[in-house]
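In: Next come a sequence and a model predicted from it.
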Amino acid sequence: QDNTYFFLCNGEWSASSQGKLLKEYSPCDAQVCYTYQSCSNENADRCFHAAATAQASWAKTPLWKRAEYLKKAAKILVNYKDEISQCIVNEIAKNTRSALSEVVRTADLIEYVAEQGIRQSGELMYPDSFPGHVRNQLCLVHRVALGVVLCIPPFNYPINLCASKVAPALMMGNSVVIKAPSHGVISCLYLASAFHMAGIPRGVVNVVTGKGSELGDYLVSHPLVDAISFTGGTSTGKKVSTKAGMIPLQLELGGKDCAIVLEDADLQSSIRSIVSGAFSYNGQRCTAVKIVYVMEQVAEDLVNGLKEQVQKLSVGYPQDNADITPLVSQSSAEYIEKLFQDAIQKGAKQVVPWKRKDNLVWPSILDHVNQHMRVAWEEPFGPLLPIVRVESETQAIEMVNKSDMGLQASIFSSNMERAMSIADLLQTGTVHLNGQPARGPDHFPFQGWKDSGIGSQGVLYSLQAMSKVKSIVVHFT
Ligand code: G3P
């Protein structure tokens, strides 16, 4: 069948050993868009064995050659950008414009990883800088591969967040087994296909497909896994870290990114950033603005400005490049509605009328949110923006730091000194001053504190995370 896809194991497109297929339903129209393999544990075993075997010679492949494979894969992605972005649109209802930009951004990322990864150098250390030692040894420090890396990307960037794990892992000499997300599975296979078409040796890139609920535990606790790079929800991330045991983990989990708007902020520019930050891809981004803390003096103007801008957002289908498109699942829409209702029952005021049709949720703003409401703490991962009016910056800082999550934050103020001193106090991995939270550009460091994750991503940081330090000490006799 045309729309039936295979998984990639040891350089071959294979069918599930249990002969089971899964259907993927498009969030755009709830129709089956693709059919894919439900891999068994035995299929996963084959992938891990292939990866482990291939890794030994891949790590010995010269760096310039590894870089060439990556660059070739990046070119292939660009050549097929229309097909791949169409697939992203079908699978996760991201609008065509953003889907295309995801593919191009990914090709750029892979190229950048190749460029950065090729410029590796080590360190030489002598003992005599430490008290009581003389120059009778030479310590050679360099970085080596971890082995087989299990890459688990999320649905919201099935190409880009997959490549941000795979490319640094490959560049550092690791082989990978990718667990494709259930929404976005085919886009992920397209990415693997680009490496396959680039001629990467068999077994270096493998992809298993299937339900996370059936395969997940088996994969993360597999004895052949040497490291895991996971992006997804906090509760799943915590389970991964418990089951994985003592191996390196790179976890990028949930976020409750805030925008703190001070009374001296440029309101028009803050409004533009907050609307873009909260509603791009329907708020289905870890870095979406998920709560606003605004000083009482400017709250009314900010809320009115946000209302005006939000009402201009188009709602519809991704193929028409609508700003707001159907959410990835019906259950996401239901969850968001529950958060909305809980807040309304506890006294929040709706700024724009609530509207929902199945998994299409119109952009919504809640004013006068307080800390007794679920939406003040939980992550809607959808187009719902809560606003908390605060009397002081201290109150905002306290609330931000009270959150279990600590991914990113934004501060809007015309006083840089004041903004910097608040930034210092916020317990988040990144703070943006006068701009919306965002992961990119993809070479910037990206890290969540607290329940938002473990380790840093970003080109250089991921190259480091996908390798370990090895030292060789030469003793002079
Ligand atoms: O995992 C990060 C992703 O959800 C957000 O990425 O590039 O939209 O800030 P970005």
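Out: Cool, the structure landed.

In: residues in contact with stretch 200-207?
Out: The contact list for stretch 200-207, computed with C-beta atoms under 8 Å, 6 or more residues apart in numbering, reads 7-12, 47-48, 50-51, 53-55, 57-58, 61, 69, 73, 166, 170, 175-180, 188-189, 192, 195-196. C-betas here are computed from N, CA, C, even on glycine.

In: And that stretch, end to end?
Out: This stretch, stretch 200-207, spans 14 Å end to end (C-alpha to C-alpha, to the nearest Å).

In: Give me the mean pLDDT for it.
Out: In this model, stretch 200-207 has an average pLDDT of 98.

In: Okay, buried residues for that stretch please.
Out: By neighbour count on 16 or more other C-beta atoms under 10 Å, the buried set for stretch 200-207 is 200, 202-207.

In: Let me know the helix or strand that the residue of the stretch 51-200 of the chain found nearest the ligand is in.
Out: Nearest residue of the stretch 51-200 of the chain to the ligand (C-beta to the nearest ligand atom) works out as residue 156 at 5.2 Å. If you go by DSSP states H and E, residue 156 is not part of any helix or strand.

In: What's the separation between it and residue 348?
Out: Distance, residue 156 to residue 348, using C-beta to C-beta, to the nearest Å: 26 Å.

In: Likewise for residue 195?
Out: As judged by C-beta to C-beta, residue 195 and residue 348 stand 48 Å apart.

In: the more surrounded of those two?
Out: residue 195 (26 against 23; other C-beta atoms under 10 Å).

In: Helices along this structure, start to end?
Out: 41-60, 63-79, 81-92, 96-118, 160-171, 185-197, 212-220, 234-244, 267-279, 296-310, 330-345, 393-402, 416-425, 459-465 (DSSP state H).

In: Out of these, indicate the one that is most buried.
Out: helix 160-171 (a mean of 29; mean count of other C-beta atoms under 10 Å).

In: Who are the packing partners of it?
Out: Counting contacts by 3 or more C-beta pairs under 8 Å, 6 or more residues apart in numbering; DSSP states H and E, helix 160-171 packs against helix 63-79, helix 96-118, strand 148-152, strand 175-179, helix 185-197, strand 227-231, helix 459-465.

In: who wins for proximity to residue 284 among these?
Out: Relative to residue 284, the nearest member of those by C-beta to C-beta is helix 96-118, separated by 10.9 Å.

In: Using PDB, write out every CA atom in the closest one.
Out: What follows is helix 96-118, C-alpha atoms only, in PDB (Å, rounded to 0.1, in the frame of the first residue of the first chain):
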ATOM      1  CA  THR A  96       2.600  24.900   5.800                       C
ATOM      2  CA  ARG A  97       4.800  28.000   6.300                       C
ATOM      3  CA  SER A  98       6.100  26.800   9.700                       C
ATOM      4  CA  ALA A  99       6.400  23.200   8.500                       C
ATOM      5  CA  LEU A 100       8.600  24.400   5.600                       C
ATOM      6  CA  SER A 101      10.700  26.500   7.900                       C
ATOM      7  CA  GLU A 102      11.100  23.500  10.200                       C
ATOM      8  CA  VAL A 103      12.600  21.500   7.400                       C
ATOM      9  CA  VAL A 104      15.000  24.200   6.200                       C
ATOM     10  CA  ARG A 105      16.000  25.000   9.800                       C
ATOM     11  CA  THR A 106      16.800  21.300  10.300                       C
ATOM     12  CA  ALA A 107      19.000  21.200   7.200                       C
ATOM     13  CA  ASP A 108      20.800  24.300   8.500                       C
ATOM     14  CA  LEU A 109      21.200  22.700  12.000                       C
ATOM     15  CA  ILE A 110      22.700  19.500  10.500                       C
ATOM     16  CA  GLU A 111      25.200  21.500   8.500                       C
ATOM     17  CA  TYR A 112      26.100  23.600  11.500                       C
ATOM     18  CA  VAL A 113      26.600  20.400  13.600                       C
ATOM     19  CA  ALA A 114      28.900  19.100  10.900                       C
ATOM     20  CA  GLU A 115      30.900  22.400  10.800                       C
ATOM     21  CA  GLN A 116      31.200  22.600  14.600                       C
ATOM     22  CA  GLY A 117      31.700  19.000  15.200                       C
ATOM     23  CA  ILE A 118      34.700  18.800  12.800                       C
END
